[in-house]
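Participant: Predicted model and sequence below, questions to follow.
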Amino acid sequence: MPKTAHHWKKEKSVNDAMLDDVRPTRLTPSSVIDIRNRYACGEYPSNIALLHGVSKGTVRDVVKGRTWKHVIQPAGLPAPLLRKSPLDLILGCLRSLYSR
C-alpha cells in the first residue's frame, strides 16, 4: 500500500485543536484601557484604530464591551459609554491625566 502525505502527519491532540481556535491579538489590556479612555475623551474611532493598528470595528467592539469584557476600567478614569457635554468630557479627561 503506498504511503500518502497523510501517513506521516501526526494526529492532532485535543490541546492542538483548541489552540487552532485561538487567534493572535494585537491588543493588550493596557491598550484596551487606552482605547476606552481616548474614546471617552472624544477622539475619533478611526484615529484610535490607526494608533493601535486595528480596525474601526474593533475599536467599536472594545468601547461597547462586546470584546475585552474582562478588562476593568480603573477607578477615576472616565467611563467610555457615558458621554456627556463637551465640558464634562474635557474636565473628566483633565482629571484622569493629572491624577496619575
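Facilitator: Thanks, I have it.
Participant: And stretch 39-53, end to end?
Facilitator: 16 Å (Cα to Cα, to the nearest Å).
Participant: where do the helices sit along the protein?
Facilitator: 5-8, 14-20, 29-40, 45-52, 56-64, 86-98 (DSSP state H).
Participant: Distance check, R60 against E43.
Facilitator: Per Cβ to Cβ, to the nearest Å, R60 is found 13 Å from E43. Every residue, glycine included, has its C-beta placed from N, CA and C.
Participant: Please apply the same query to G92.
Facilitator: Taken as Cβ to Cβ, the span from G92 to E43 is 13 Å.
Participant: Between the two, which is the more surrounded one?
Facilitator: G92 (20 against 15; other Cβ atoms under 10 Å).
Participant: Quick check, that one in contact with G42.
Facilitator: No - if you go by Cβ atoms under 8 Å, G92 and G42 don't touch, sitting 10.0 Å apart.
Participant: if we can go back for a sec, now render the helices of the chain as JSON lines, adding distance to V71 and mean pLDDT.
Facilitator: Below are the helices of the chain laid out as JSON lines (distance: least, Cβ to Cβ, whole Å; pLDDT from 0 to 100):
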{"stretch": "helix 5-8", "distance to V71": "42", "mean pLDDT": "54"}
{"stretch": "helix 14-20", "distance to V71": "22", "mean pLDDT": "52"}
{"stretch": "helix 29-40", "distance to V71": "5", "mean pLDDT": "89"}
{"stretch": "helix 45-52", "distance to V71": "14", "mean pLDDT": "92"}
{"stretch": "helix 56-64", "distance to V71": "9", "mean pLDDT": "92"}
{"stretch": "helix 86-98", "distance to V71": "16", "mean pLDDT": "74"}
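Participant: Which one, of the ones you listed, ends up nearest to Q73?
Facilitator: helix 29-40 (6.2 Å; Cβ to Cβ).
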